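Colleague: Any chance you can model this:
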Amino acid sequence: MEFTYSYVFDLVYHVLAHMQVNNPSNLYSEEYITMIREAKDGQFEDITEPMSQLAEYYNANFERLCKVNFLPFSCQNLDALTYMVEQQPYFTAEDKVHFLAPFLQLLQKESLFYEAYWKGMYDGSEQARECLKAYLTKEWEKYKVLGSYFHKNRALAGISYSMTCSGRGLYASDVFVAVVPFAEEEREYKSTFLQLLHEYTHTFTDPMLQQDINMADGSHNFSEYMVMIFDYYLIKALCPEDLEDYLRFVSLFIVGKEEPISEELL
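Modeller: Modelled structure (predicted):
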């Protein structure tokens with residue numbers, strides 16, 4: 001398992017945390033916004049209102065615009081991200097006027113604050129990063145048979161300081177790729193690993209649906225359930241000692257409570 005930290009994808013998730021989205025991809029967090037306001041200490045603009053103005057168009061055109069969640073993973077800087085966004089064929093001219101142009105402008109403006117803020121978090125978390133890396137590497141050893149079975153020779157874990165919940169999985173032909181929130185406390189490590197496993201699993205269960213997965217027709221919810229079922233049987237077969245933690249992890253998805261869910265409910 002390899003690890004990557006990126007100011008670029010963290011900036012995108014940081015900005016998205018200020019906008020309410022009407023589906024499970026939502027990263028909006030009042031707690032996060034309050035923390036950022038305190039960090040800015042009145043010296044930088046609060047971007048909640050500018051982002052809220054973009055929410056209606058984003059939600060109405062989510063199936064296209066959600067791509068902004070995934071593009072920054074392969075970009076080294078904001079210029080590269082801007083170029084990539086401008087070159088994507090699935091964005092319409094209206095998308096560029098009503099969402100993408102103002103969104104990119106906000107990224108540039110917010111970077112004046114966030115770049116130094118992100119560097120401070122990265123530099124200050126060296127010991128915690130090493131502990132998390134050691135734990136996730138050890139856990140992946142128990143499951144890496146998936147890599148050989150699906151002909152993926154690496155597992156890449158993007159770790160985000162600004163992603164407020166869940167994760168993002170990206171398809172690649174020869175590597176598992178996902179971004180998940182940074183876990184500073186050891187008690188959070190297990191759920192972080194299970195989120196990574198969840199995102200990795202999407203890359204081979206989603207194609208089984210043989211359809212364009214989206215939020216509007218319920219296929220996204222079905223794809224999530226397929227992952228939960230697959231990982232349940234995977235963990236039960238390979239590492240039954242992880243099953244109670246997994247049922248607790250799944251409980252957050254199904255009933256919104258962090259307590260082990262009954263196996264029968266799956």
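Colleague: I'd assumed Glu199 was in a helix, is it?
Modeller: Yes. Counting by DSSP: H, G, I helix; E, B strand; the rest coil, Glu199 falls inside a helix.
Colleague: Spit out the contact partners of it.
Modeller: Gly167, Arg168, Gly169, Ala178, Val179, Val180 (Cβ atoms under 8 Å, 6 or more residues apart in numbering). From N, CA and C alone the C-beta is placed, and that goes for glycine too.
Colleague: confidence score at it?
Modeller: If you check Glu199, the pLDDT there is 95.
Colleague: low pLDDT regions in the chain?
Modeller: 210-211, 214-215, 218, 253-266 (pLDDT under 70).
Colleague: Can you tell me the centre-most residue of it?
Modeller: Gly167 (2.7 Å; Cα atoms, centre = their mean).
Colleague: tell me the SS of the closest residue to that residue other than its chain neighbours?
Modeller: Once flanking residues are discounted, Gly167 sits nearest to Val180: 4.1 Å by Cβ to Cβ, 6 or more residues apart in numbering. Three-state call for Val180 (three-state DSSP): strand.
Colleague: Ok, the one 3 residues further on next?
Modeller: Reducing the assignment to helix, strand or coil with three-state DSSP, the entry for Ala183 is coil.
Colleague: Tell me how far it lies from Lys67.
Modeller: Remark: distance between Ala183 and Lys67 (Cβ to Cβ, to the nearest Å) = 27 Å.
Colleague: Lys40 now?
Modeller: Applying Cβ to Cβ, the value for Lys40 to Lys67 is 29 Å.
Colleague: returning to that earlier point: now, the most widely separated pair of the contacts of Glu199?
Modeller: Largest separation among the contacts of Glu199 by Cβ to Cβ: Gly169 and Val180, giving 9.4 Å.
Colleague: Just want to know which of those two has more residues nearby.
Modeller: Each of Gly169 and Val180 has its neighbours counted (other Cβ atoms under 10 Å); Val180 has more, 25 against 21.
Colleague: who are the neighbours in contact with the more buried one?
Modeller: Counting by Cβ under 8 Å, 6+ apart, Val180 touches Ala157, Gly158, Ile159, Ser160, Met163, Gly167, Thr192, Gln195, Leu196, Glu199.
Colleague: Tell me what it is bridged to.
Modeller: For Val180, the beta-bridge partners are Ile159 (DSSP bridges).
Colleague: which secondary structure elements does the helix ranked longest in the chain contact?
Modeller: Counting by DSSP state H, the longest helix found in the chain is helix 101-124. For helix 101-124, the helices and strands in contact under the criterion 3 or more Cβ pairs under 8 Å, 6 or more residues apart in numbering; DSSP states H and E are helix 7-16, helix 48-60, helix 78-87.
Colleague: one more time with 6 Å
Modeller: Helix 101-124 makes packing contacts with helix 7-16 when contacts are defined by 3 or more Cβ pairs under 6 Å, 6 or more residues apart in numbering; DSSP states H and E.
Colleague: got the buried residues for the very next helix or strand once past the helix it packs on?
Modeller: On the C-terminal side of helix 7-16, the closest following helix or strand by DSSP states H and E is helix 30-40. Of all the residues in helix 30-40, those buried under the rule 16 or more other Cβ atoms under 10 Å are Tyr32, Ile33, Ile36.
Colleague: could those residues be laid out in TSV, adding distance to Ser74?
Modeller: Putting those into TSV (distance: Cβ to Cβ, whole Å) gives the following:
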residue	distance to Ser74
Tyr32	25
Ile33	28
Ile36	26
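Colleague: measure the closest residue to Val179 other than its chain neighbours to Asp41 for me?
Modeller: Computed as Cβ to Cβ, 6+ apart, the closest residue to Val179 that is not its neighbour in sequence is Gly158, at 3.6 Å. Applying Cβ to Cβ, the value for Gly158 to Asp41 is 29 Å.
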